[in-house]
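Trainee: The following block contains a protein sequence and its predicted model.
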Amino acid sequence: MKKVFLFVMLLFSIIGFSQNESIEAFLEKWENSKTYLVDIAKAMPEESYSYKPTEREMSFREQLLHIKGNIDWLGTTYFTAEKFDKKKDEKTYSKEEIISMLEMSFDKVYNVIKNTKPENLKDKVEFFAGPKTKLQILNLLQDHVTHHRGQLIVYLNLNEIKPPSYVGW
């Protein structure tokens, strides 16, 4: 019986360790993602923030605000007790304001996730695409930023602006 107990305790410590590793890995990647996106936002001149390659695409400014809105929505809805307020903001923000808002959104998620218990990553949440674990929501947070950041890199290239060097893991 003692051997079974020790085995179970070892198993739980391994599971807990890997979940904690997930949070640490996310936080490191999240900070790098923030740095890279802010560098991209800084590279585009403010007078080109309204640039969009085609009419059906978002402008550079809209892309950045879309990324920020998604970070706020996922971070608030799935990792805090706060109610997310999805009000449409019609204000036109300056380059400096957008960069500051992005940094604050990234930092808020960083701090919320840093204080998330590793075992909570297994919790299932209701999501429009069906039930997901909080770990899947973390992956979605990063994937969404990466997707739109790639579009922003194309916008820079189309404007003959060399994108910043990649900041990865």
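Mentor: Nice, I can see it. Residues are numbered from 1 along each chain as shown.
Trainee: List the buried residues for the strand or helix carrying Asn139?
Mentor: When elements are assigned from DSSP states H and E, Asn139 belongs to helix 134-158. For helix 134-158, the neighbour count (16 or more other C-beta atoms under 10 Å) marks 134-138, 140-141, 144-145, 148-149, 151-153, 155-156 as buried. For glycine as for every other residue, the C-beta is placed from the backbone atoms N, C-alpha and C.
Trainee: From these, pick the one nearest Asn70.
Mentor: Nearest to Asn70 among the buried residues of helix 134-158: His144, at 5.1 Å, using C-beta to C-beta.
Trainee: what sits against the closest one?
Mentor: Ile67, Asn70, Ile71, Leu74 (C-beta atoms under 8 Å, 6 or more residues apart in numbering).
Trainee: can we see that at 7 Å?
Mentor: Contacts for His144 were tallied using C-beta atoms under 7 Å, 6 or more residues apart in numbering; they are Asn70.
Trainee: What confidence value was assigned to it?
Mentor: pLDDT, His144: 97.
Trainee: I'd like the next helix or strand past the helix or strand of the chain with the lowest mean pLDDT.
Mentor: Least confident element among the helices and strands of the chain, by mean pLDDT, DSSP states H and E: helix 2-43 (a mean of 74). Moving toward the C-terminus from helix 2-43, the next helix or strand (DSSP H and E) is helix 60-79.
Trainee: Pull the residues that contact that next one.
Mentor: With C-beta under 7 Å, 6+ apart as the test, helix 60-79 has contacts from 41, 44, 48-51, 58, 82, 84, 86, 98, 101-102, 105-106, 108-109, 112-113, 116, 125, 134, 137, 140-141, 144-145, 148, 151-152, 155.
Trainee: repeat for stretch 44-54
Mentor: Contacts for stretch 44-54 (C-beta under 7 Å, 6+ apart): Met58, Ser59, Phe60, Arg61, Ser94, Lys95, Tyr155, Leu156, Leu158, Asn159, Ile161.
Trainee: Which among the residues you listed count as buried?
Mentor: Using 16+ other C-beta under 10 Å, the buried ones in the contacts of stretch 44-54 are Met58, Phe60, Arg61, Lys95, Tyr155, Leu156.
Trainee: Just send the residues you listed back as TSV, with distance to Tyr78 too.
Mentor: Below are those laid out as TSV (distance: C-beta to C-beta, whole Å):
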residue	distance to Tyr78
Met58	24
Phe60	28
Arg61	26
Lys95	30
Tyr155	29
Leu156	31
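Trainee: so which of these comes closest to Ala25?
Mentor: Using C-beta to C-beta, Leu156 comes nearest to Ala25 of the buried ones among the contacts of stretch 44-54, at 27.9 Å.
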